[in-house]
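In: need a structure here:
(chains A and B)
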Protein chains: 2
Amino acid sequence: MARRTVVASKRLNLKLADAYRMLDNLEKFTCLKRDIAEINIDPLQRGGILTPAAREALIEWGDGYSVCDFCNGAIDQIKNPPIEEFVHEALPEFLGIDEVRVTHGAREGKYAAMHALCEKGDWVVMDGNAHYTTILAAERAGLNIEFVPSSGEPGYAISAEGYSDAIMRAYERKGNVSMAVLTYPDGSYGNLTDAKAVAEACHDNGIPLLLNGAYAVGRMPVNARDIGADIIVGSGHKSMAACGPVGLLGATEELARSIFRLSSTKKNKEVELLGCTVRGAPLLTMMASFPTVVERVKHWPEEVEKARLFSKRMEAMGIEQQGDKPHNHDLMFFKAENLYEISKTAKKGRFFLYRDLKERGICGIKPGLTRQFKLSTYQLPQEDLDKVIKAFEEIIESYKRPAKV
Amino acid sequence: MARRTVVASKRLNLKLADAYRMLDNLEKFTCLKRDIAEINIDPLQRGGILTPAAREALIEWGDGYSVCDFCNGAIDQIKNPPIEEFVHEALPEFLGIDEVRVTHGAREGKYAAMHALCEKGDWVVMDGNAHYTTILAAERAGLNIEFVPSSGEPGYAISAEGYSDAIMRAYERKGNVSMAVLTYPDGSYGNLTDAKAVAEACHDNGIPLLLNGAYAVGRMPVNARDIGADIIVGSGHKSMAACGPVGLLGATEELARSIFRLSSTKKNKEVELLGCTVRGAPLLTMMASFPTVVERVKHWPEEVEKARLFSKRMEAMGIEQQGDKPHNHDLMFFKAENLYEISKTAKKGRFFLYRDLKERGICGIKPGLTRQFKLSTYQLPQEDLDKVIKAFEEIIESYKRPAKV
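Out: Numbers count the residues shown, from 1 in each chain, chains lettered A, B, ... in the order given. Next comes the predicted model:
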């Protein structure tokens, strides 16, 4: 480097150093370790644990835009790595739908579909158990929401008739109903509504149904065509053993023409996806886990069996499972008046349950919850579930004795 | 498991196996290796190479929703890992702007800002060198575009006067101009327009300026406040040594109120971000690389010096650098009539350059390009740049001799 430049560099470096003077001690953002227990029963986490193959993919494809080395302008058409085959062949078959694209997650897929298919001011009908992101997606798209109320405690059931009624109510308010959404299962109770019947009710009114399968796709068999869903979203980080953020958006051929419409000026670029979505390793983790995911879906009946047995043993302790009974999903909601009673006098109050479980190597129930909480048994071996049950038993038992001073 | 269930399971498993019969031979989606050369001069890739700390973060936080273990409802408020401090303290100072949020990337940030601040049918003014995603973001938001034309070959310069003129043209068409965008630098020529002058021109017309810093933030010093930019976007995978998809969106306090507005019904949830954005490891890679990124930005003058020297040596071979001269960024565009001439007779035609460079351990120029191409010298040691120069020299020389049969 010439001397003149070195001097100029030094001067600028000093100026820069000054500008960023407050940005010191940044090491706190590095070398961070995850603080979780051995057994994690958080429903949000159970389906997203990486397979060894996904972990390898993460290392191999970690750098920035790695998947774009051989891109010709559209991420879903990249042949090396074989994203095109994954997106245009494997995924449509897996979901039972005509067209699929990769998204940043279920919520982004819902928004893309709503934004493409609904006009501002339209109405969208959704189940009362809908995830908050469905509500936000509708709000962002400027839509009004008509809810299908659940049956309330303890079943929180959603019915097809509820959809017909909600659509009618929206019509009565002179609303243009342009979409219905069913959360399948919902993220609170893990209820699997009769989606086929809901699809029929929607179609009878000429309304397309979006199935939010964030907790289904990748865990259990879901076929949009069999159900009659017109649009389906899934979540890689929630249920497909992928590193977030990554998800799926599938649509029938007819609706795909609108949702995946091409730009009027930029060749090969899909407007609703802003060209490309997941331009990095999370997509490769989803691909790497895919063979395992396809296989594990086949073993869904065993997962349901495990969940039912777990529910039965929790109920034997006086902790009531809410939602569908017998239950059909690994995500379960429990009401525990006995734990709530303990929290009134326990040391650390309502945080006792979190602490006492963590001491026993278990995490995933939100700190502070005792009276009601959700958890998941997904992909946990029976011996781990036995440990969880034993932990609850021990904790309840321990507070029966007078507290030691 | 009870016998009845086992039988039922087996029956269902057979049915499922049948349903997924075509989903076999999926191993092709696993164990994929990246096929790149030792030296990668692709501008898209140079700034996204992970630091060792980011690589560690990827492994530690790879699972699904890992960053959400201790979430209370908003990703930017998570204290463990320290996302809150990163988003609300470190990043605003780094960018010189009041409020920052993490996004999926620069394009998603641009769309969020446009969707929040502009009405459908409004006009947005942008430089003629704008990245295609700025155009897509505007198209998705239903906006009309008025371009600020560049000066054309060879400088492709964008002027502040051009912005004033474009705003006037949009007004003359009875348009409501609600935003201006400047690509800083643009992704074709690496030109660094006088952003301060552009901001003044926009503000004189009462129009906020969005600075697209996808190739700036994380590579070179950028301070939105000094420039007068009202909104700024950055890209983690492009320029912050992070795993994609992840980016930044910053705004002044006033505009942040609209862009990051809260849901009317869901507490703590920001509508335009659909609640949370990057709910996975890419965010942690951005954090882990941040100390290194802050440091490398201070060494920007050395990067500029390297780029200028590289440009000079390319020009000595008869390959003309386009855009700003002397150049102020590592991203450079070259016109090579001599390589184009070679492509007319070379074996494999226009693919000769890709092949000949790859044989010499160099990749990053799109296969098939010869007459014009872009590349980046960013973070490449001088000895690697020497190898690149030597490769071009050798290739040109080799075609001067009559081809061997």
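
In: can you list the weak-confidence ranges in chain A?
Out: Applying pLDDT under 70 to chain A picks out residues A:1-22, A:401-405.

In: which stretches of it form strands?
Out: A:39-40, A:99-103, A:123-127, A:144-148, A:177-183, A:209-212, A:231-235, A:247-251, A:320-322, A:331-335, A:362-363, A:372-376 (DSSP state E).

In: Same list, those strands, but as CSV with mean neighbour count please.
Out: For glycine as for every other residue, the C-beta is placed from the backbone atoms N, C-alpha and C. As requested, the strands of chain A are exported to CSV (neighbours: other CB atoms under 10 Å in any protein chain shown):
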stretch, mean neighbour count
strand A:39-40, 20
strand A:99-103, 25
strand A:123-127, 28
strand A:144-148, 20
strand A:177-183, 26
strand A:209-212, 29
strand A:231-235, 31
strand A:247-251, 30
strand A:320-322, 20
strand A:331-335, 22
strand A:362-363, 22
strand A:372-376, 21
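
In: any chance of those in a markdown table, plus distance to chain B?
Out: Output for those, formatted as a markdown table (distance: least, CB to the nearest CB, whole Å):
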| stretch | distance to chain B |
| --- | --- |
| strand A:39-40 | 8 |
| strand A:99-103 | 10 |
| strand A:123-127 | 13 |
| strand A:144-148 | 9 |
| strand A:177-183 | 14 |
| strand A:209-212 | 13 |
| strand A:231-235 | 9 |
| strand A:247-251 | 11 |
| strand A:320-322 | 18 |
| strand A:331-335 | 14 |
| strand A:362-363 | 8 |
| strand A:372-376 | 12 |
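
In: Which one, of these, ends up nearest to residue B:313?
Out: In terms of CB to CB, the element of these nearest to residue B:313 is strand A:99-103, at 41.0 Å.

In: and that closest one, C-alpha only, in CSV?
Out: Output of strand A:99-103 as CSV, limited to C-alpha atoms (Å, rounded to 0.1, in the frame of the first residue of the first chain):
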residue,chain,number,x,y,z
GLU,A,99,-47.7,-26.3,-6.4
VAL,A,100,-45.4,-25.7,-3.4
ARG,A,101,-42.9,-23.0,-2.6
VAL,A,102,-40.5,-22.6,0.3
THR,A,103,-41.3,-19.7,2.7
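
In: how many degrees apart are it and strand A:231-235 in direction?
Out: 30 degrees (axes from the mean of the first three to the mean of the last three CA atoms, to 10 degrees).

In: Which elements pack onto strand A:99-103?
Out: helix A:91-95, strand A:247-251 (3 or more CB pairs under 8 Å, 6 or more residues apart in numbering or on different chains; DSSP states H and E).

In: Partner strands of it and their direction?
Out: Partners of strand A:99-103 in the sheet, by DSSP bridges, are strand A:247-251 (antiparallel).

In: Out of the strands of chain A, which gets nearest to residue A:61?
Out: strand A:99-103 (14.0 Å).

In: List the contacts of that closest one.
Out: A:75-76, A:83, A:87-88, A:91-92, A:109, A:112, A:233, A:246-253, A:256, A:260, A:270, A:273, A:277-278, A:283, A:286 (CB atoms under 8 Å, 6 or more residues apart in numbering or on different chains).

In: Stretch A:84-92 and chain B in contact?
Out: Yes. Counting by CB under 8 Å from any CB of the partner chain, chain B is contacted by stretch A:84-92 at A:85, A:86, A:90.

In: List only those of the contacts of strand A:99-103 flagged as buried.
Out: Buried members of these, counted by 16 or more other CB atoms under 10 Å in any protein chain shown: A:75-76, A:83, A:87, A:91-92, A:109, A:112, A:233, A:246-252, A:256, A:260, A:270, A:273, A:277-278, A:283, A:286.

In: check contacts around whichever residue of the stretch 251-400 of chain A sits closest to chain B.
Out: Using CB to the nearest CB, the single residue of the stretch 251-400 of chain A nearest to chain B is residue A:280, 2.7 Å away. Going by CB under 8 Å, 6+ apart, residue A:280 touches A:61, A:64, A:65, A:66, A:67, B:237, B:243, B:244, B:245, B:246, B:282.

In: Apart from its chain neighbours, what residue comes closest to it?
Out: residue B:244 (2.7 Å; CB to CB, 6 or more residues apart in numbering or on different chains).

In: and residue A:381, what does it touch?
Out: Contacts of residue A:381 (CB under 8 Å, 6+ apart): none.

In: what are the phi and psi angles of it?
Out: For residue A:381, the backbone dihedrals are phi -60, psi 150 (criterion: degrees, to the nearest 10).

In: how far away is it from residue A:306?
Out: According to CB to CB, to the nearest Å, residue A:381 stands 9 Å off from residue A:306.

In: Check residue A:86 too.
Out: Taking CB to CB, one finds residue A:86 at 30 Å from residue A:306.

In: More neighbours: those two, which one.
Out: The neighbour comparison of residue A:86 against residue A:306 (other CB atoms under 10 Å in any protein chain shown) goes to residue A:86, with 23 against 19.

In: wait, the more buried one sits on residue B:26?
Out: No. Look at residue A:86 against residue B:26 with CB atoms under 8 Å: they stay out of range, at 9.2 Å.

In: shared neighbours, the two?
Out: Common neighbours of residue A:86 and residue B:26 (CB under 8 Å, 6+ apart) are residue A:290.

In: Next, the residue in the stretch 51-200 of chain A that chain B sits nearest to: phi, psi?
Out: Closest residue of the stretch 51-200 of chain A to chain B, CB to the nearest CB: residue A:64 (1.7 Å). Per-residue torsions, residue A:64: phi 20, psi -110 (degrees, to the nearest 10).

In: I'd like the distance between residue A:28 and residue B:372.
Out: 45 Å.

In: re earlier: which of the contacts of residue A:280 tops the neighbour count?
Out: Ranking those using other CB under 10 Å puts residue B:282 first, with 36 neighbours.

In: which ones are touching that one?
Out: Contacts for residue B:282 were tallied using CB under 8 Å, 6+ apart; they are A:243-245, A:280-282, B:236-237, B:242-246.

In: And residue A:255, by the same measure?
Out: Residue A:255 touches A:113, A:117, A:208, A:230, A:231, counting by CB under 8 Å, 6+ apart.

In: residue contacts, residue A:258?
Out: Taking CB under 8 Å, 6+ apart as the test, what residue A:258 contacts is A:116, A:117.

In: how does it look with 10 Å?
Out: Taking CB atoms under 10 Å, 6 or more residues apart in numbering or on different chains, we find residue A:258 in contact with A:113, A:116, A:117, A:251, A:272.
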